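Chemist: Pasting a predicted model and its sequence here:
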Amino acid sequence: MQESKYEPVDLLAFGAHPDDVEVGCGGLLIKLQKRGYKTGIVILTQGEMGTGGTPEIRRQEVIEAASIMGTQVLGHLDLGDCKVEDNYQSRLIAATYIRRYKPRLVLAPWPMGGHGKRASHPDHIACGRIVVNAVNYSALRKLPVDEPPHIIGGLFHYFLPPEVAPTFIVDITKEFEAWIKALSAHRSQFLNPEKSRDYLWLLESMARGYGGQIGVKYGLGYAIGEPLRIEDPFCLVGTCNRVPDAFVTMATGGHE
């Protein structure tokens, strides 16, 4: 089996556009970085169809936001803004990143449609489906990529449409200011005077809504597409004694 020359991360977050991960996962990535976890981001497009900015501007915004979140940009691809498709080639690309960086957790957009809202942008849905399939591909021994097989511990989804209740919500109250700072690094999107909507206010409202469900000021919600296998249920309420031995894993780890 080939030895990977890349340094593993604990969590790998996929997004379709340059600001997606920051919106759906920024507060979580900041929280995990503070706890000593190593995180990475893979972005599928250059965001060239966005109302504000250019691919070059948005690329610099991604780098600035990643620095604020304490994460690495491990992949910034060009699959075409508004052209992302869940096909064999895109699955291979995503599986290569999963096998290359060997994350225990993977984050991706919710892979099913809402009703024309932000959460159901076709690229977001396609990104989610690509990653769902890539997680499976990543475990296949005969997959035609150079990196060795890797089975993740769990796949969690963000960008939940209103009809999807979160499986869990992460308290980001202490990380809220840093999260807003990371979002504000995307000036072409969230601080653009040509846009009439106050996106930062909308995202703060979203975080307040999630936070209110668990009795805190700010939170971010995530959903799981299949049952989890756990060893220590106390980990679900933050009181397990030995986290590495009781790490949450998916009930099915893919095919070999």
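Modeler: Great, that's in hand.
Chemist: ok, then the element right after the lengthiest helix in the chain?
Modeler: Longest helix in the chain by number of residues, with DSSP state H as the criterion: helix 122-138. Heading C-terminal from helix 122-138, the first helix or strand you meet, by DSSP states H and E, is strand 154-158.
Chemist: Tell me which other helices or strands that next one touches.
Modeler: Under the contact definition 3 or more Cβ pairs under 8 Å, 6 or more residues apart in numbering; DSSP states H and E, strand 154-158 sits against strand 105-109, helix 122-138, strand 219-224, strand 249-250. For every residue, glycine as well, the C-beta is placed using N, CA and C.
Chemist: As PDB, could you dump the C-alpha coordinates of the second one?
Modeler: If I follow you right, that is helix 122-138. What follows is the C-alpha trace of helix 122-138 in PDB, where atoms were taken according to Å, rounded to 0.1, in the frame of the first residue of the first chain:
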ATOM      1  CA  PRO A 122     -27.700  23.400  -7.400                       C
ATOM      2  CA  ASP A 123     -24.000  23.600  -6.800                       C
ATOM      3  CA  HIS A 124     -24.600  23.000  -3.000                       C
ATOM      4  CA  ILE A 125     -26.700  20.000  -3.700                       C
ATOM      5  CA  ALA A 126     -24.300  18.600  -6.200                       C
ATOM      6  CA  CYS A 127     -21.400  19.200  -3.800                       C
ATOM      7  CA  GLY A 128     -23.200  17.300  -1.100                       C
ATOM      8  CA  ARG A 129     -23.900  14.400  -3.400                       C
ATOM      9  CA  ILE A 130     -20.400  14.300  -4.700                       C
ATOM     10  CA  VAL A 131     -19.000  14.000  -1.200                       C
ATOM     11  CA  VAL A 132     -21.500  11.300  -0.100                       C
ATOM     12  CA  ASN A 133     -20.400   9.200  -3.000                       C
ATOM     13  CA  ALA A 134     -16.700  10.100  -2.600                       C
ATOM     14  CA  VAL A 135     -16.800   8.900   1.000                       C
ATOM     15  CA  ASN A 136     -17.800   5.500  -0.300                       C
ATOM     16  CA  TYR A 137     -15.300   5.600  -3.200                       C
ATOM     17  CA  SER A 138     -12.600   6.500  -0.700                       C
END
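Chemist: Around residue 216, count how many other residues there are.
Modeler: Using other Cβ atoms under 10 Å, the number of residues around residue 216 comes to 17.
Chemist: Strands along the chain, start to end?
Modeler: Ranges of strands within the chain are 11-15, 39-43, 72-76, 105-109, 154-158, 168-171, 219-224, 228-229, 249-250, based on DSSP state E.
Chemist: and the longest one with strand 105-109, angle?
Modeler: Using axes from the mean of the first three to the mean of the last three Cα atoms, to 10 degrees, the interaxial angle of strand 219-224 with respect to strand 105-109 works out to 100 degrees.
Chemist: Check which helices and strands strand 219-224 sits against.
Modeler: By 3+ Cβ pairs under 8 Å, 6+ apart, strand 219-224 packs against helix 20-34, strand 154-158, strand 168-171, helix 199-213.
Chemist: would a markdown table of these with mean neighbour count be doable?
Modeler: Converted to a markdown table, the helices and strands packed on strand 219-224 look like this (neighbours: other Cβ atoms under 10 Å):
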| stretch | mean neighbour count |
| --- | --- |
| helix 20-34 | 25 |
| strand 154-158 | 22 |
| strand 168-171 | 19 |
| helix 199-213 | 16 |
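Chemist: For residue 6, find the nearest of these.
Modeler: Smallest distance to residue 6 across the helices and strands packed on strand 219-224 (Cβ to Cβ): 19.0 Å, for helix 20-34.
Chemist: Check which helices and strands that closest one sits against.
Modeler: Helix 20-34 makes packing contacts with strand 11-15, strand 39-43, helix 55-69, strand 105-109, strand 168-171, helix 176-184, strand 219-224 when contacts are defined by 3+ Cβ pairs under 8 Å, 6+ apart.
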